[in-house]
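K.L.:
generate coordinates for the sequence data below:
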Amino acid sequence: MVSIGWGHQAGDHIYTGNRIQQCFRHWNPFIRMFILLSITILLLAAIIMVILRAWRPGFGYHWLIAVGGAFTAWLMVLFSYTTIPDNLLVFAWGPQTAYSNSIIVSLDRISWPFTAALGTLLIATILSDVVRAYQISWSNWASSLILIAIGLVGILSANLLTFILVWMAYDLIVLVILLLQLDAERLRRRTVRVFFIHLLGTLCLLIAGVISASDNSSLLFEQASPMAVLLIVLAAGFRFGALPVDSQLQEDPHNRRSFGTVRTLTSMGIVSVLLVRLAGALENVNLVGYLWPTLLILLGLTALIYSISWLFAKEELGGRQAWIMGFGMLIIASALRAETGASLSWGVAAILTGGLIFLASVRNKITMWIALLGVIGISTLPFTAAWPGIALFSSPFSISLIFYFISIPVLIAGYVRHAMRLIPEPGGLERWIRVIYPIGLIVLPVI
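P.N.:
I've put the predicted structure just below:
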């Protein structure tokens, strides 16, 4: 049996300073309020934009509302870092007699980096969109606010039941948004197919929960069988895009770059948190048998294939799904090898660095160097975001690790190749736009 806990134990070896945290216990109600307010502000900003659009169709300041809501929520998330306890319960709902089977949302040292990454991705998306604001629909910003809000809830999910519900809610909201935005019938059909593929992932997660509940009457995975672990891996593969049918759900290149990036990377963040918690649960467990080495080899081959696909993609947006799958395999492999820090770092680095290259819609001789800063985040150099990711190659040695070892430099080489491709800016840009746009990009490597 495999012990899979959802408390602070999974991240204890990454972070220290518990004594310092005890000095800030009185801040916990404020941190809880900030997290709830950040989600509420994002939803309210999106609702205000919809109301203004219906009341005053000619209203032209939706971008300012989106920036205000995203910036306020982002600051609240960043401020909570200074006083994060080991495990802060943000919200719980359900039968008091079955607390472990209730809906639980909590903040800890695992979920916070992903909340910061999504918050930064949102503010970077809206700020960088200013360079083509007249070509982007206001609905893209409202939709991004909604998806990030749901994504934050998913990242803060503290048990399997909450993950399942958030996954379903996220997929339904994405389906509705895309069906409202798309006019082409073929794209609508592709959107529905993507929804059902993601639903297969949710179904795998649900079956894993049933297995867990049959073992110990709990959805906390306190005693789950290896079959449940395998189903979680399968669910993650479906969510990452093992069946690549959603690479071009939007024909408009501006929508693909803006809302498309938020949609795909937010989904990646929700799945990554689940895998990081799985890694923490497997720290004291050895998965025996021939299945797991074989699975690691298959995952390594998949990582290598998608990294090569990313390297030779015609442009970065066309290779976005390959980027997600390449790093997704690194996250899954790190989780199966019980390397919590590695799986966490690969997930956060993929979101921040991927967001940088996908949002860089204008790359001249100056902004190209900002895009190239993303190489640092995935370089695995000391004190960079992906530095803990090299723990994936810790002992015991496995032949499958060779595939991952090759995939990483290929992913980096592909990033450099795409980042160095120059993209001209639209004509007639005002000076303030030329200032705001690089700020929107640079917040990603800085964070």
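K.L.:
just for the stretch 301-447 of the chain, where's the confidence low?
P.N.:
Nowhere does the stretch 301-447 of the chain drop to pLDDT under 70.
K.L.:
ranges for the helices of it?
P.N.:
320-336, 340-359, 367-372, 374-377, 401-419, 431-446 (DSSP state H, counting those that start in this stretch).
K.L.:
surely Ile177 meets Ser144?
P.N.:
No: contact criterion CB atoms under 8 Å: Ile177 and Ser144 do not qualify, at 9.8 Å. All C-beta atoms are positioned from the backbone trio N, CA, C, and that covers glycine.
K.L.:
adding mean neighbour count, write the helices of the stretch 301-447 of the chain out as JSON lines.
P.N.:
Below are the helices of the stretch 301-447 of the chain laid out as JSON lines (neighbours: other CB atoms under 10 Å):
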{"stretch": "helix 320-336", "mean neighbour count": "27"}
{"stretch": "helix 340-359", "mean neighbour count": "27"}
{"stretch": "helix 367-372", "mean neighbour count": "20"}
{"stretch": "helix 374-377", "mean neighbour count": "21"}
{"stretch": "helix 401-419", "mean neighbour count": "19"}
{"stretch": "helix 431-446", "mean neighbour count": "17"}
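K.L.:
on that earlier part again, more neighbours: which of Ile177 and Ser144?
P.N.:
Ser144 (26 against 20; other CB atoms under 10 Å).
K.L.:
for the more buried one, give its distance to Val176.
P.N.:
If you measure Ser144 against Val176 using CB to CB, to the nearest Å, the figure is 15 Å.
K.L.:
tell me which residue is most central in the protein.
P.N.:
With distances taken as CA atoms, centre = their mean, Gly269 lies nearest the centre of the chain, 1.8 Å away.
K.L.:
could the C-alpha coordinates of stretch 45-63 be exported in CSV?
P.N.:
Presented in CSV, the C-alpha positions along stretch 45-63 are these (Å, rounded to 0.1, in the frame of the first residue of the first chain):
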residue,chain,number,x,y,z
ALA,A,45,-13.3,42.1,-12.3
ALA,A,46,-14.5,39.6,-15.0
ILE,A,47,-18.2,40.2,-14.0
ILE,A,48,-17.8,44.0,-14.1
MET,A,49,-16.3,43.7,-17.6
VAL,A,50,-19.3,41.6,-18.8
ILE,A,51,-21.8,44.0,-17.2
LEU,A,52,-20.1,47.1,-18.8
ARG,A,53,-20.0,45.4,-22.2
ALA,A,54,-23.8,44.7,-22.0
TRP,A,55,-24.6,48.1,-20.6
ARG,A,56,-22.2,50.2,-22.6
PRO,A,57,-21.1,48.3,-25.7
GLY,A,58,-18.7,51.2,-26.7
PHE,A,59,-16.9,51.1,-23.4
GLY,A,60,-13.1,51.1,-24.2
TYR,A,61,-11.4,50.6,-20.8
HIS,A,62,-11.7,46.9,-20.3
TRP,A,63,-8.0,46.5,-20.3
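K.L.:
could I get the buried residue list for it?
P.N.:
Residues of stretch 45-63 classed as buried by neighbour count (16 or more other CB atoms under 10 Å): 45-46, 48-49, 62-63.
K.L.:
can you lay out those residues as TSV showing pLDDT and secondary structure?
P.N.:
TSV is the format used below for the buried residues of stretch 45-63 (pLDDT from 0 to 100; DSSP: H, G, I helix; E, B strand; the rest coil):
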residue	pLDDT	secondary structure
Ala45	95	helix
Ala46	94	helix
Ile48	94	helix
Met49	93	helix
His62	88	helix
Trp63	89	helix
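K.L.:
now, which of the residues you listed sits nearest Ser38?
P.N.:
Set against Ser38, the nearest of the buried residues of stretch 45-63 by CB to CB is Ala45 (11.0 Å).
K.L.:
what's the spacing between the closest one and Arg109?
P.N.:
Taking CB to CB as the measure, Ala45 falls 28 Å from Arg109.
K.L.:
any idea which helix or strand carries the nearest residue to Leu317 once chain neighbours are set aside?
P.N.:
The shortest distance from Leu317 to any non-neighbouring residue, by CB to CB, 6 or more residues apart in numbering, is to Arg256 (5.5 Å). For Arg256, the host element (DSSP states H and E) is helix 253-257.
K.L.:
then Met268?
P.N.:
helix 259-281.
K.L.:
what average pLDDT does the helix holding Arg256 get?
P.N.:
Over the span of helix 253-257, the pLDDT mean works out to 72.
K.L.:
flag every buried residue along stretch 123-143.
P.N.:
Buried residues in stretch 123-143, counting neighbours by 16+ other CB under 10 Å, are found at 123-133, 136, 138-143.
K.L.:
mean confidence score for it?
P.N.:
Mean pLDDT, stretch 123-143: 89.
K.L.:
residues in contact with that stretch?
P.N.:
45-46, 49-50, 53, 62-63, 66-67, 70-71, 74, 144, 177, 180-181, 254-255, 258-259, 261-262, 355-356, 359-362, 425-426, 429, 433, 436-437, 439-441, 443-444 (CB atoms under 8 Å, 6 or more residues apart in numbering).
K.L.:
you'd agree Phe195 is up against Val176?
P.N.:
No: if you go by CB under 8 Å, Phe195 and Val176 don't touch, sitting 10.0 Å apart.
K.L.:
okay, the two: which has more neighbours?
P.N.:
Under the criterion of other CB under 10 Å, the comparison of Phe195 against Val176 puts Phe195 first, with 17 against 14.
K.L.:
which of the three states applies to the more buried one?
P.N.:
With DSSP: H, G, I helix; E, B strand; the rest coil as the basis, Phe195 sits in helix.
K.L.:
grab the nearest non-local neighbour of it.
P.N.:
Distance criterion CB to CB, 6+ apart; nearest residue to Phe195, sequence neighbours excluded, is Leu175 at 4.7 Å.
K.L.:
from Leu147, how far out is the one you found?
P.N.:
Distance from Leu175 to Leu147, by CB to CB: 12 Å.
K.L.:
those two: who's more crowded?
P.N.:
Per other CB under 10 Å, whichever of Leu175 and Leu147 has more neighbours is Leu147, with 24 against 18.
K.L.:
what's the closest non-adjacent residue to the more buried one?
P.N.:
Leaving out its chain neighbours, the residue that sits closest to Leu147 by CB to CB, 6+ apart is Thr266, at 5.3 Å.
K.L.:
got a list of what that neighbour touches?
P.N.:
Neighbours of Thr266 in contact, by CB under 8 Å, 6+ apart: 118, 121, 147-148, 150-151, 170.
K.L.:
okay, it: pLDDT?
P.N.:
If you check Thr266, the pLDDT there is 95.
K.L.:
one step back: helix or strand for the residue nearest to Phe195, which one?
P.N.:
Using DSSP H and E, the secondary-structure element containing Leu175 is helix 160-181.
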